[in-house]
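Visitor: Predicted structure and sequence below. I'll ask about it afterward.
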Amino acid sequence: MTSHFIGDTAALTGRSLRHILRSPDTIITTALMPVAFLLLFVDVLGGAITTGEHSGPYVSYLLPGILLITIASGISYTAYRLFLDLQGGIFQRFQSMPIARASVLWAHVLTSIIANLASIVVVVLVAVLMGFRSGAGPAPWLAVAGILILFTLALTWLAMIAGLTAKSVDGASAFSYPLIFLPFISSAFVPTASMPGPVRAFAQNQPVTSIVNAIRELLSQQPVGSDLWIALAWCLGILVVAYVLAMVAYRRRIS
Amino acid sequence: MIATAAAPAIRVRDLHKSYKKVTVLNGVDFDVQAGTIFALLGSNGAGKTTVVNILSTLLHADSGTATVSGFDVSRQSAQVRESISLTGQFAAVDEKLSGHENLVLIARLRHQRSPRVRSERLLERFSLSEAGARAVATYSGGMRRRLDIAMSLIGDPEVIFLDEPTTGLDPQARLEVWDAVRDLAAQGTTVLLTTQYLEEAEHLADRIAILHQGRVIVNGTLAELRAMLPPATVEYVEKQPTLEEIFFHLVGATTRRDTTQGDSQHSDSPEQTR
């Protein structure tokens, strides 16, 4: 059966991508809230925010955190799509067919990565219109893309758990709200140094801060410190734990 | 493949299944001979879907054995899945895809050669050619079910499970599905269908089993089941047309079909053969 894994996953990924192409509004709505935050923070609040030693426009300071918010809101659609599949008869049909069983999940994972990358491109283009510039060469940009894909992969597997275990549509997508607000208590909007003690302690040690810092350093051509490694460790850690739990939930679901 | 002519296509022995404290199946036995239509009859909640889900490897029985095409459903589930198709209680079609795309998807997942050609042929066979390019969301209930059954035929499975194939369909759509099911059996496919409509079992099935309170209480041909009651007394009753006969007389039994063949002008009868 596993010899068909790649072909089956490709066929099922083609199916979910068609869903997205037929309702491209999900990519726009995913990008809508991050773009609104971008406008709000840059044009309304940005004048009053000091970012310390960071030089350059505030939009460039803000963009990395906004990209993480984009992914966090995008994966709620992943959980939603998986949940809908499980509700309908089509999932039963797939399960009763001689296909590689994990391919049903992997198709959603690949679709999630492609859809989130599309939303990220939209948000970056808006940021460019608002004055975001980066002198970074291809290598740092590739590194940024790599971090974003890894982060998407980690959150997508979290979304798989939500989609597999949710009892209602609302439950399937609501899990992403805390993830969307995590960047607010991080270095995404203001430097953590300005925060009071306990909040600062949380902000400095949660995953978003190290990921945001790593992306910011890469895009502004500053030396990349330990942030990059901490960021990668967080992403891989979340990915492994979420993957294992999602697989347990999946087995329970199909047995 | 392994099953010889004598071995039943489906063999169920002493199947038990409980959900928490509720016993759904309490020792179910039956055989289905290859190439026949077998109807599992029962009221809502009798356990029909549970039997189908166990046979199609979606659910594990608590005890008892079941084989499909000679393969044990719990120990050789991969082989069982190779030889079956399930058409579940709710049309298992992708609403956002077109009929053609649905068929191509299943053909690719069943690792068929030239999925597009297979799809075109099936659309034609099920009178869906014109609707093939449209999203399934725009289909009528009968069209959905026909597509659902067409999808089940891809890969030429030896055994097809149809779980309440006509529930929620209007009378015309029901006739269309019946035609499709007869077609299947005529080509040698074994069909196990569940239904709560006595009439449906009467029209379609070679053998009928009645599932009641977790057991098969009767299992036989229609003639055998009839013989269980005292012989019919002859009474002369003025024949009133049934509402169904009136309905078909007024609207014509073939109006809903995409291709009008005109071979069944009035309502279906048990004697009708194709």
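Guide: Yep, it's here.
Visitor: for the record, mean pLDDT for the helix or strand containing A:L153?
Guide: Here A:L153 sits within helix A:138-165, counting by DSSP states H and E. Per-residue pLDDT values across helix A:138-165 average out to 93.
Visitor: Within range of chain B, give me the residues from chain A.
Guide: A:1, A:4, A:7-8, A:11-12, A:14-15, A:18-19, A:22-23, A:88-90, A:92-99, A:254-255 (CB under 8 Å from any CB of the partner chain). In short, each C-beta sits where N, CA and C put it, glycine included.
Visitor: Is the closest residue to chain A within the stretch 101-250 of chain B in a helix, a strand, or coil?
Guide: Per CB to the nearest CB, B:R108 is where the stretch 101-250 of chain B lies closest to chain A, at 4.1 Å. Here B:R108 takes the helix state, with states given by DSSP: H, G, I helix; E, B strand; the rest coil.
Visitor: Next, count neighbours for it.
Guide: 21 (other CB atoms under 10 Å in any protein chain shown).
Visitor: Give me the contact status of stretch B:136-144 with chain A.
Guide: No. Between stretch B:136-144 and chain A, judged by CB under 8 Å from any CB, nothing touches; the nearest distance is 10.0 Å.
Visitor: which residues does the closest residue in space to B:T221 that isn't next to it in sequence bridge with?
Guide: Closest residue to B:T221 apart from its sequence neighbours, by CB to CB, 6 or more residues apart in numbering or on different chains: B:R207 at 5.7 Å. Using DSSP bridges, the beta-bridge partners of B:R207 come out as B:F38.
Visitor: What's the separation between B:R207 and B:D163?
Guide: 18 Å (CB to CB, to the nearest Å).
Visitor: ok, back up a step: got a list of what the residue of the stretch 101-250 of chain B closest to chain A touches?
Guide: When contacts are counted by CB atoms under 8 Å, 6 or more residues apart in numbering or on different chains, B:R108 touches A:G7, A:A11, B:P115.
Visitor: Disregarding residues adjacent in the polypeptide, which is nearest to the residue of the stretch 151-255 of chain A found nearest chain B?
Guide: As assessed by CB to the nearest CB, chain B sits closest to A:S255 within the stretch 151-255 of chain A, at 6.7 Å. Excluding the flanking residues, the one nearest A:S255 by CB to CB, 6+ apart is B:H60, at 6.7 Å.
Visitor: May I have the phi/psi pair for that neighbour?
Guide: phi -100, psi 140 (degrees, to the nearest 10).
Visitor: For burial, what's the neighbour tally of it?
Guide: Neighbours around B:H60, by other CB under 10 Å: 12.
Visitor: Can you show me the CA trace of stretch B:57-72 as CSV?
Guide: The C-alpha trace of stretch B:57-72 is given here as CSV (Å, rounded to 0.1, in the frame of the first residue of the first chain):
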residue,chain,number,x,y,z
THR,B,57,-13.2,-2.4,7.3
LEU,B,58,-14.3,0.9,8.8
LEU,B,59,-15.2,-0.6,12.1
HIS,B,60,-13.9,-3.5,14.2
ALA,B,61,-16.3,-6.1,15.5
ASP,B,62,-16.1,-7.1,19.2
SER,B,63,-16.2,-10.8,18.3
GLY,B,64,-17.2,-13.1,15.5
THR,B,65,-15.7,-13.4,12.0
ALA,B,66,-16.5,-11.9,8.6
THR,B,67,-14.8,-12.6,5.3
VAL,B,68,-15.2,-10.7,2.0
SER,B,69,-13.9,-12.4,-1.2
GLY,B,70,-12.2,-14.9,1.1
PHE,B,71,-10.3,-12.3,3.1
ASP,B,72,-10.8,-11.7,6.8
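Visitor: which residues in the chain form helices?
Guide: Using chain A here. Assigned by DSSP state H, chain A shows helices spanning A:5-22, A:25-39, A:58-87, A:89-95, A:103-129, A:138-165, A:169-174, A:176-181, A:197-205, A:207-219, A:227-254.
Visitor: I was after chain B.
Guide: B:48-55, B:77-83, B:99-109, B:115-125, B:141-153, B:171-186, B:198-204, B:222-227, B:243-251.
Visitor: ok so, going back, thought B:T50 was touching the residue nearest to A:S255, still the case?
Guide: No. The criterion here is CB atoms under 8 Å, and B:H60 misses it with B:T50 at 11.0 Å.
Visitor: where does B:L162 land on pLDDT?
Guide: For B:L162, the predicted pLDDT is 90.
Visitor: So what's the residue count around the closest residue to it other than its chain neighbours?
Guide: In space, and not counting its chain neighbours, B:L162 is closest to B:L193: 4.1 Å by CB to CB, 6+ apart. By the criterion of other CB under 10 Å, B:L193 has 26 neighbours.
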